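> With the sequence up front, the predicted model follows.
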Amino acid sequence: MDKNLKKGIIVLSVIVIAAVAVTIVKKQFSGMHSITQGSEEGVSVARGKFDFSSANKPFIATIYIRGVIEEKNQTYNQTWLLNTIHTLKNDKKNKGILLFIDSPGGTVYHADEAYLALMDYKATGKSVTAYFGPMAASGGYYIGCAADKIYANRNCLTGSIGVISANFVDGTELLKKIGIKSTTIHAGKNKNMLNFNQSATEEQLQIMQSLADECYDQFTGIVSSSRKMDLEQVKKLADGRIYSALQAQKNGLVDDVMTVEQAMATIRNSMPADNLIFKDYVYDRPDGLRDLLMQGLSIIKNPQAVFAEGNVMNYLYTGGLN
């Protein structure tokens with residue numbers, strides 16, 4: 001057997017085994033009892049043992065926002081999130097939303113869509129509270145700014161207020177060195193900008209910087225409004241760095257550091273409704289063969305790097321300490 005083919009089979013086997021192992025662990029810890037409501041974009045799952053007596057009780061919806069914020073991936077689905085928020089907006093039994101955020105961020109477009117949907121939800125008079133889990137960085141923090149209050153786990157990493165507008169490779173010197181000539185036929189002097197076969201001009205760099213600056217101004221403006229902070233003060237904090245939960249609290253980026261149980265108790269005590277309960281809303285994507293392979297690959301390759309590929313405007317933390 002060809003050595004390369006044999007090596008490929010071994011690598012594929014490792015990926016499949018890793019993916020299956022991850023799936024088994026996920027299923028073991030996802031809870032034995034669940035109520036599942038299907039939708040065209042995955043399923044909405046209410047975790048835990050179902051009590052029929054709670055069906056007509058007022059409730060807070062705990063929406064889990066996990067993973068990279070984009071159109072859809074294994075743990076996040078934009079359509080599901082927007083539909084869930086819209087449904088809760090019109091549910092008379094729903095009294096508020098608790099966002100559980102564990103995300104490094106994502107695209108500007110999808111983060112802003114989620115933020116605007118939550119602001120529309122709040123216009124009904126219902127409350128939104130955010131709880132930051134292991135990470136609520138960049139676009140994750142952006143969405144959290146829709147909340148009336150932000151609480152964080154003491155080990156949370158947050159902040160990363162900034163924008164990535166482009167990440168490109170200039171391959172002109174390499175192509176020249178190995179004797180390859182690549183030509184892109186285009187009309188418009190900037191149509192081919194950021195292509196690997198053409199060095200970026202100063203004008204093109206300024207174009208991309210202007211896009212980043214515009215998104216940055218939008219981000220810092222939202223933080224200023226949400227946190228009731230002076231814009232210049234926000235910009236001093238918004239240099240792209242991450243903060244610990246305590247640092248974020250000290251700088252006014254979160255309200256308090258506590259456990260999720262304490263956050264839920266705080267919400268319950270602030271609500272006039274009797275017998276208030278919490279219902280979990282979790283996006284669960286059915287695992288197909290492709291999904292299993294992707295899960296296996298994610299163990300080997302940093303998933304943030306995968307989703308950050310391409311020249312898309314991103315509110316995304318791509319650093320370490322995960």
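Received, thanks.
> can you map out the helices along the stretch 201-322 of the chain?
Taking DSSP state H, counting those that start in this stretch, the helices of the stretch 201-322 of the chain run over residues 202-227, 231-237, 245-250, 260-270, 289-300, 303-307.
> Lowest mean pLDDT across those, which one is that?
Ranked by mean pLDDT, the helices of the stretch 201-322 of the chain bottom out at helix 303-307, which scores a mean of 43.
> If you rank every helix and strand of this protein by mean pLDDT, what lands last?
Each helix and strand of the chain was given a mean pLDDT (mean pLDDT, DSSP states H and E); the minimum falls on strand 34-39 at a mean of 36.
> Look up how far Y283 lies from the residue nearest the centre of the chain.
Nearest residue to the geometric centre of the chain (C-alpha atoms, centre = their mean): I69, 3.4 Å. The span separating I69 from Y283 equals 12 Å under the rule C-beta to C-beta, to the nearest Å. Every residue, glycine included, has its C-beta placed from N, CA and C.
> what is in contact with these two at once?
When contacts are counted by C-beta atoms under 8 Å, 6 or more residues apart in numbering, the set common to I69 and Y283 consists of Y76.
> low-scoring pLDDT stretches of the stretch 1-150 of the chain, where are they?
Residues of the stretch 1-150 of the chain that meet the criterion pLDDT under 70 lie in 1-54.
> Y151 belongs to a helix?
No - according to DSSP: H, G, I helix; E, B strand; the rest coil, Y151 belongs to no helix; its state is strand.
> Quick check, it in contact with G133.
No - applying C-beta atoms under 8 Å, one finds Y151 not in contact with G133, separated by 10.5 Å.
> what about G144, how many residues close to it?
As a burial measure, G144 scores 28 neighbours (other C-beta atoms under 10 Å).
> Grab the nearest non-local neighbour of it.
Leaving out its chain neighbours, the residue that sits closest to G144 by C-beta to C-beta, 6 or more residues apart in numbering is A130, at 4.0 Å.
> quick revisit: quick one: secondary structure of the residue lying closest to the residue nearest to the centre of the chain once chain neighbours are set aside?
The spatial neighbour of I69 that comes closest, neighbours along the chain excluded (C-beta to C-beta, 6+ apart), is G106 at 2.9 Å. Taken by three-state DSSP, the conformation at G106 corresponds to strand.
> Contact partners for G106?
Contact partners of G106, counting by C-beta under 8 Å, 6+ apart, are 68-70, 76, 138-139, 307, 314-316.
> roughly how far apart are it and V163?
G106 sits 12 Å away from V163, taking C-beta to C-beta as the criterion.
> just T183 next, same as before
32 Å.
> Show me which of these two is the more surrounded one.
Between T183 and V163, counted using other C-beta under 10 Å, the more crowded position is V163 (23 against 8).
> can you pull the pLDDT of the more buried one?
Taken from the predicted model, the pLDDT recorded for V163 is 94.
> isn't it right next to N314, touching?
Yes - look at V163 against N314 with C-beta under 8 Å: they come within range, at 7.0 Å.
> what's the overlap in contacts for these two?
With contacts defined as C-beta under 8 Å, 6+ apart, the residues adjacent to both V163 and N314 are V108.
> where exactly do the helices run in the stretch 1-150 of the chain?
Assignment of helices within the stretch 1-150 of the chain using DSSP H, counting those that start in this stretch yields the ranges 3-29, 78-89, 108-122, 139-144.
> Summarise which helices and strands the shortest one is packed against.
Looking back up the chat, that one is helix 139-144. strand 94-103, strand 105-107, helix 108-122, strand 127-137, strand 157-159, helix 202-227, strand 314-316 (3 or more C-beta pairs under 8 Å, 6 or more residues apart in numbering; DSSP states H and E).
> Swap in 7 Å and give it another go.
Helix 139-144 makes packing contacts with strand 94-103, strand 105-107, helix 108-122, strand 127-137, strand 314-316 when contacts are defined by 3 or more C-beta pairs under 7 Å, 6 or more residues apart in numbering; DSSP states H and E.
> ok, the residue nearest to the centre of the chain to K89 distance?
The span separating I69 from K89 equals 20 Å under the rule C-beta to C-beta.
> swap in A152?
The value you get for A152 to K89, if C-beta to C-beta is used, is 26 Å.
> who has more neighbours, these two?
With other C-beta under 10 Å as the criterion, A152 and K89 differ in neighbour count, and A152 comes out ahead with 29 against 17.
> can you pull the contacts of the more buried one?
By C-beta atoms under 7 Å, 6 or more residues apart in numbering, A152 lies in contact with 132, 158, 245, 248, 254, 257.
> Could you find which two of the residues you listed are furthest from each other?
T158 and V257 (10.7 Å; C-beta to C-beta).
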